[in-house]
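>>> what shape does this take:
(2 chains)
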Amino acid sequence: MQFLLAEGARLGLSLIGVISLVAVNALFLIWMERKVSAHIQLRPGPMEVGFHGALQTIADALKLIGKELITPEDVDKLIYLLAPIVMFLPVLVSFLVIPFSPTLLIRDLNVGVLLIFAFSTLTVLAILMAGWASNNKYALLGAIRSVAQNVAYEIPLLLTAMSIIIMAGSFQPSVIVAQQGLVWNIFVQPLAFILFIICGTAETNRAPFDIPEAESELVAGFHTEYSGMRFAIFFLAEYTNMFIVSAVATIFFLGGWQGPFLPPVVWFLLKVYALIFLMMWFRWTFPRLRFDQLITFAWKILIPLSLVNLIVTAFVLKLVR
Amino acid sequence: MKAYVKETLTGFYSLLAGLGVTIRYFVKPIVTVQYPREKLDMSPRYRGHTEFLIDPETGSHRCNACENCARTCPSGVITVTGVKVPGTKKKRAVTYSIDYSLCSLCGLCVEVCPTHALKFSNEYRLAGYSRQDMIIDIMARLKAQQRALGLPEEVPPAPEAEAAAPEAAASGEAES
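Residues are numbered from 1 along each chain as shown, chains lettered A, B, ... in the order given. I've put the predicted structure just below:
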């Protein structure tokens, strides 16, 4: 009985913590994205609401809450309403196993990495549901593109992850982090890091891989027909996905919470936000790929390279041990 | 195979070069001017509406109300009134206003002025709520500039008929 109570309290607190982290993270990331994009274009970005526009996102969120939730005619009601939820829930699940520090983690599952990858793939389903149910040609095209892209980029993502996992010999995030005590994996596996970041950018549907929501061609892609808070939830999920991909990359390549002087949580968040900055930097540097270029890039370059990387890693490990 | 490797490597290098360009811009100073709070200085060659040139000798305008500008103006924008300065044979402007909403910016008024009394101002914030706001009183503008420079304010000469009551005209409000 006592065990159940303790576990219940633990889960409740974790849920509150995760949801507030998701919300604050999204608020901060949207502001950060606007600032980064502005500074790359020699603009100051939002400046009016709060110090250097720090409260701008809150003002925008309040506006979005006040917006009418339009349900267009002839949509597939059930799927249309479910899609934002299916988009958002797996995002929360991934936080279960992310180790923010040696002590600050909700569940130290021995298949944690698998859990993250399994649930983050559900995002594709949500996008497909949203695009299909919207009864809109742009939304459907965006969804089709998203599925093709995510299927193509999932393979090199998992292959590069595999090369890290066979080095650590575990699917447990905390073990993978602990294994990088002396040398971070980015120095051992630089190619894998580059491939992982490229695939992670594609998995989160961010520029230059943002063809599912290419605004110049597809209005807004799969979320064209969503308004108000339903749209905001897609937005929230997109930014949280960025956080998760960066967190996984931090665990795999940048030594997770490890670092001198500062507390482990600070190190972890620093590395995560540095990687997010890298992804934003990509967005404001590279133009969007055409669809055939995107698929060609995945199948002709990323997958062979990640396969070679995996095989070489396996050979070297066999020789060393 | 060789071409494939070469293409991959050059492609990767070009991506890095692109990132280099954007990070250089990222650390450059911002060029935006926060407009209502900050203003740009206009270039001295900027040609706004006309205003009186302040004569460094007299600290006032040189307009003798010859109305050459008003007659030259193709749009009939300029209204000048002047009176004879008591005791001399010279005329001097009392009011000078332009209806800027009709002005075609030809600059003929400045060209034609025999005493070089006019110049182009640097003023660019000319938005207004009505047509009436577009009528610019250049005499009032001159007075404001004189106040700003610490010069004695232009006192329009009293018309001869009213010469008996000079303090009425000297109050500074010349039928604007």
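>>> could you measure from residue A:192 over to residue B:20?
23 Å (CB to CB, to the nearest Å). (Glycine included, C-beta is placed from N, CA and C.)
>>> compare those two (neighbour count), which wins?
For the pair residue A:192 and residue B:20, the greater number of neighbours falls to residue A:192 (26 against 10), based on other CB atoms under 10 Å in any protein chain shown.
>>> pLDDT value on that one, please?
The pLDDT attached to residue A:192 in the predicted structure is 87.
>>> pretty sure it belongs to a strand, no?
No - with DSSP: H, G, I helix; E, B strand; the rest coil as the criterion, residue A:192 is assigned helix and is not in a strand.
>>> could you measure from it over to residue A:67?
Distance from residue A:192 to residue A:67, by CB to CB: 43 Å.
>>> what of residue B:119?
Distance of residue B:119 to residue A:67, computed by CB to CB: 53 Å.
>>> and if you look at residue A:32?
Residue A:32 is 24 Å from residue A:67, by CB to CB.
>>> the more surrounded of the two?
Using other CB under 10 Å as the criterion, residue A:32 and residue A:67 rank with residue A:32 on top: 18 against 13.
>>> helix or strand: which one has the more buried one?
Using DSSP states H and E, residue A:32 falls within helix A:2-40.
>>> report the buried residues of that helix.
A:14, A:18, A:21-22, A:25-40 (16 or more other CB atoms under 10 Å in any protein chain shown).
>>> filter those down to the ones near chain B?
Within the set of those, contact with chain B (CB under 8 Å from any CB of the partner chain) is found for A:36, A:39, A:40.
>>> so the last one touches residue A:277, yeah?
No - Residue A:40 is not in contact with residue A:277 according to CB atoms under 8 Å; the separation is 11.2 Å.
>>> who in the stretch 201-321 of chain A is up against chain B?
A:281, A:282, A:284, A:285, A:286, A:300, A:301, A:305.
>>> phi and psi next, for the residue nearest in space to the middle of chain B.
Central residue of chain B (CA atoms, centre = their mean): residue B:121, 2.4 Å from the mean position. When read as degrees, to the nearest 10, the backbone of residue B:121 gives phi -90, psi 170.
>>> quick one, what contacts it?
For residue B:121, the contacting residues are B:48, B:49, B:50, B:51, B:141, by CB atoms under 8 Å, 6 or more residues apart in numbering or on different chains.
>>> likewise for residue A:225?
A:70, A:72, A:75, A:80, A:134, A:135, A:136, A:139.
>>> which SS state does the closest residue to residue A:278 other than its chain neighbours fall under?
Leaving aside its sequence neighbours, residue A:278 sits nearest to residue A:197 (CB to CB, 6 or more residues apart in numbering or on different chains; 6.8 Å). Under three-state DSSP, the three-state class of residue A:197 is helix.
>>> and for residue B:92?
For residue B:92, the assignment made with three-state DSSP gives strand.
>>> beta-bridge partners for it, please?
Beta bridges link residue B:92 to residue B:83, judged by DSSP bridges.
>>> the closest residue to chain A within chain B - how many residues pack around it?
Residue of chain B nearest chain A, by CB to the nearest CB: residue B:22 (4.4 Å). Counted with other CB under 10 Å, residues neighbouring residue B:22 total 18.
>>> was I right about residue A:245 contacting residue A:202?
No - look at residue A:245 against residue A:202 with CB under 8 Å: they stay out of range, at 9.9 Å.
>>> next up, phi/psi of residue A:284, please.
phi -90, psi 10.
>>> quick one: pLDDT of residue A:244?
As predicted, residue A:244 sits at a pLDDT of 90.
>>> now it: how far from residue A:203?
10 Å.
>>> please apply the same query to residue A:45.
Applying CB to CB to residue A:45 and residue A:203 gives a distance of 27 Å.
>>> and these two? which has more neighbours close in?
The residue with more neighbours, out of residue A:45 and residue A:203, is residue A:203; 24 against 19, by other CB under 10 Å.
>>> do I have it right that that one meets residue A:155?
No - counting by CB under 8 Å, residue A:203 stays clear of residue A:155, with 11.2 Å between them.
>>> where in the stretch 151-300 of chain A is pLDDT low?
Flagging of the stretch 151-300 of chain A using pLDDT under 70 yields an empty set of residue ranges.
>>> and what of chain B?
Using pLDDT under 70, the flagged stretches of chain B are B:158-176.
>>> hmm, try it at 50
B:162-176 (pLDDT under 50).
>>> that older thread, and the contacts of residue A:225 near chain B, which?
Counting by CB under 8 Å from any CB, no member of these reaches chain B.
>>> neighbour-wise, which of these leads?
Counting by other CB under 10 Å, top hit in the contacts of residue A:225: residue A:139 with 28 neighbours.
>>> ok now do it, which residues does it touch?
Contact analysis of residue A:139 by CB under 8 Å, 6+ apart lists A:130, A:131, A:132, A:218, A:221, A:222, A:223, A:224, A:225.
>>> count the neighbours of the nearest residue to the second one once chain neighbours are set aside for me.
To tie it back to what came earlier, the one meant is residue A:131. Distances taken as CB to CB, 6+ apart place residue A:143 nearest to residue A:131, at 2.3 Å, with adjacent residues excluded. The number of residues packed near residue A:143 is 27, by other CB under 10 Å.
>>> any idea how far residue A:143 lies from residue B:49?
Taking CB to CB, one finds residue A:143 at 57 Å from residue B:49.
>>> what do you get for residue B:142?
Taken as CB to CB, the span from residue B:142 to residue B:49 is 13 Å.
>>> of the two, who's got more company?
Using other CB under 10 Å as the criterion, residue B:142 and residue B:49 rank with residue B:142 on top: 22 against 18.
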